[in-house]
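A.B. asks: Build the 3D model from these lines:
(one chain, ligands or ions: 1)
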Amino acid sequence: MLFKQQALLRQKLFVLGSLAIGSLLYLVARVGSLDRLQPLCPIDGRFGSRSQDEIPLRALQFKRGLLHEFRKGNATKEQIRLHNLVQQLPKAIIIGVRKGGTRALLEMLNLHPAVVKASQEIHFFDNDENYAKGIEWYRKKMPFSYPHQITIEKSPAYFITEEVPERIYKMNSSIKLLIIVREPTTRAISDYTQVLEGKERKNKTYYKFEKLAIDPNTCEVNTKYKAVRTSIYTKHLERWLKYFPIEQFHIVDGDRLITEPLPELQLVEKFLNLPPRISQYNLYFNATRGFYCLRFNIVFNKCLAGSKGRIHPEVDTSVITKLRKFFHPFNQKFYQITGRTFNWP
Ligand code: A3P
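C.D. replies: Modelled structure (predicted):
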């Protein structure tokens, strides 16, 4: 009798224990995934009409896995139709600036449940060969998404390439354009560092930054050097303004995105008319990397690749001073046009 009672008690305890563990696991998974996967609240503004379809919560984890499969190209046509997935043209593009923090910005925006990123730089508008393949080719390069989500791509070469503004305008004259900038001299050195690393990888030698940035004949800033030209932000922006009003641009402070990403991302959410969903939970400082990394949920987090955040070579201070002086009037003009002022020297 006593033995029977003990067995019954053990059985009850086992059932209760399983229930408690099950609930705990459910709660943990929910806290981790809810922020990213919850059906969206309205996204107003220029993005036009939205599907009001809501994704039932219990199916979200499953659907997320599915979206991943679709991105890998493993979905059948039937599955795509069933889940109402589409490959949408971007509603916003990060057009530059190279080495401004374009990858960090795209990855961080992708934390938002309404945003789906095109992982690769597509180079549709700046590459004549790609552009000749037509808009459907471009669309097919986009990831699958739910109709209420927006697709964002980034190709930093767009900002400085002559033909791009007109081409983008022809695709969508009301598209939103994101430009992430850093203090121009630092950006130029970062640009140089990337090229230098490429040369070193191929066992090639390369000039010192000082030699490229300063014209040895005039001792003035070498405006033919691409890394210098790219940092004259106002010159490039003026070309874009022939096609798009300034309201269609949002300037992101790339230096602040490094040290304090959340407020910068909140400004972008506002600009894109997205409900504020990216939180401090999604961003954590990784002391080893020396940068903020991304937390999607309790199990999935990531830092950017090691090619982001390189150590810059030391540059002669007189060259830095010369460059800063050179960029100064262009920066003033840039502040004036964009309405966003930076503490650049
Ligand atoms: P450096 O390598 O000069 O430090 P892009 O993606 O446009 O090429 O920009 C690269 C820059 O992004 C890096 O330049 C780095 O400073 C900056 N960045 C901003 N946020 C970052 C982050 N969270 N992790 C790594 N790099 C980040």
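A.B. asks: For the closest residue to residue 289 other than its chain neighbours, grab the count of nearby residues.
C.D. replies: Of all residues not flanking residue 289 in the chain, residue 303 sits nearest, at 5.0 Å (C-beta to C-beta, 6 or more residues apart in numbering). (C-beta placed from N, C-alpha, C; glycine too.) By other C-beta atoms under 10 Å, the residues close to residue 303 number 17.
A.B. asks: quick thing: my sequence starts at 34, can you match it?
C.D. replies: Let's use 34 as the start, then, which means that last one is residue 336.
A.B. asks: Residue 336 reaches residue 319, doesn't it?
C.D. replies: Yes - using C-beta atoms under 8 Å, residue 336 is in contact with residue 319, at 5.5 Å.
A.B. asks: So which residue is dead centre in this protein?
C.D. replies: Centroid check for the chain by C-alpha atoms, centre = their mean gives residue 139 as the closest residue, at 0.6 Å.
A.B. asks: pretty sure that residue is touching residue 185, no?
C.D. replies: Yes - assessed by C-beta under 8 Å, residue 139 is found in contact with residue 185 at 6.4 Å.
A.B. asks: Identify the contacts common to those two.
C.D. replies: Common contacts of residue 139 and residue 185, defined by C-beta atoms under 8 Å, 6 or more residues apart in numbering, comprise 127, 150.
A.B. asks: Which of the helices or strands spans residue 354?
C.D. replies: helix 350-371 (DSSP states H and E).
A.B. asks: Please tell me how far that helix is from the chain's geometric centre.
C.D. replies: Relative to its parent chain, helix 350-371 has a centroid offset of 26 Å by C-alpha atoms, centre = their mean, to the nearest Å.
A.B. asks: Grab the CA positions of it and hand them over as PDB.
C.D. replies: The C-alpha trace of helix 350-371 is given here as PDB (Å, rounded to 0.1, in the frame of the first residue of the first chain):
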ATOM      1  CA  THR A 350      49.600  64.700 -38.000                       C
ATOM      2  CA  SER A 351      50.500  67.500 -40.500                       C
ATOM      3  CA  VAL A 352      48.700  65.500 -43.200                       C
ATOM      4  CA  ILE A 353      45.700  65.000 -41.000                       C
ATOM      5  CA  THR A 354      45.600  68.700 -40.200                       C
ATOM      6  CA  LYS A 355      45.800  69.500 -43.900                       C
ATOM      7  CA  LEU A 356      43.000  67.100 -44.800                       C
ATOM      8  CA  ARG A 357      40.800  68.400 -42.000                       C
ATOM      9  CA  LYS A 358      41.300  72.000 -43.200                       C
ATOM     10  CA  PHE A 359      40.600  70.900 -46.800                       C
ATOM     11  CA  PHE A 360      37.300  69.100 -45.800                       C
ATOM     12  CA  HIS A 361      36.100  71.900 -43.500                       C
ATOM     13  CA  PRO A 362      34.300  74.100 -46.100                       C
ATOM     14  CA  PHE A 363      32.700  71.100 -47.700                       C
ATOM     15  CA  ASN A 364      31.500  69.900 -44.300                       C
ATOM     16  CA  GLN A 365      29.900  73.300 -43.600                       C
ATOM     17  CA  LYS A 366      28.000  73.100 -46.800                       C
ATOM     18  CA  PHE A 367      27.000  69.500 -46.000                       C
ATOM     19  CA  TYR A 368      25.600  70.600 -42.600                       C
ATOM     20  CA  GLN A 369      23.700  73.400 -44.200                       C
ATOM     21  CA  ILE A 370      22.100  71.200 -46.900                       C
ATOM     22  CA  THR A 371      21.200  68.300 -44.600                       C
END
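A.B. asks: Can you name every helix or strand that it contacts?
C.D. replies: Helix 350-371 sits against helix 217-234, helix 242-246, helix 266-273, with contacts defined as 3 or more C-beta pairs under 8 Å, 6 or more residues apart in numbering; DSSP states H and E.
A.B. asks: Compare those and report which one is nearest to residue 150.
C.D. replies: In terms of C-beta to C-beta, the element of the helices and strands packed on helix 350-371 nearest to residue 150 is helix 217-234, at 21.1 Å.
A.B. asks: Buried residues, that closest one. List them.
C.D. replies: Across helix 217-234, burial judged by 16 or more other C-beta atoms under 10 Å covers 217-226, 229.
A.B. asks: of the residues you listed, list those near the ligand.
C.D. replies: When contact is defined as C-beta under 6 Å from any ligand atom, the buried residues of helix 217-234 meet the ligand at residue 223.
A.B. asks: I'd like the buried residues of helix 217-234 laid out as CSV, including pLDDT.
C.D. replies: What follows is these, written out as CSV (pLDDT from 0 to 100):
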residue, pLDDT
217, 98
218, 98
219, 98
220, 98
221, 98
222, 98
223, 98
224, 98
225, 98
226, 98
229, 97
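A.B. asks: closest one to residue 160 among the helices and strands packed on helix 350-371?
C.D. replies: That would be helix 266-273 among these, by C-beta to C-beta, at 17.7 Å.
A.B. asks: Can you check what angle separates that closest one from helix 217-234?
C.D. replies: Using axes from the mean of the first three to the mean of the last three C-alpha atoms, to 10 degrees, the inter-axis angle of helix 266-273 relative to helix 217-234 is 90 degrees.
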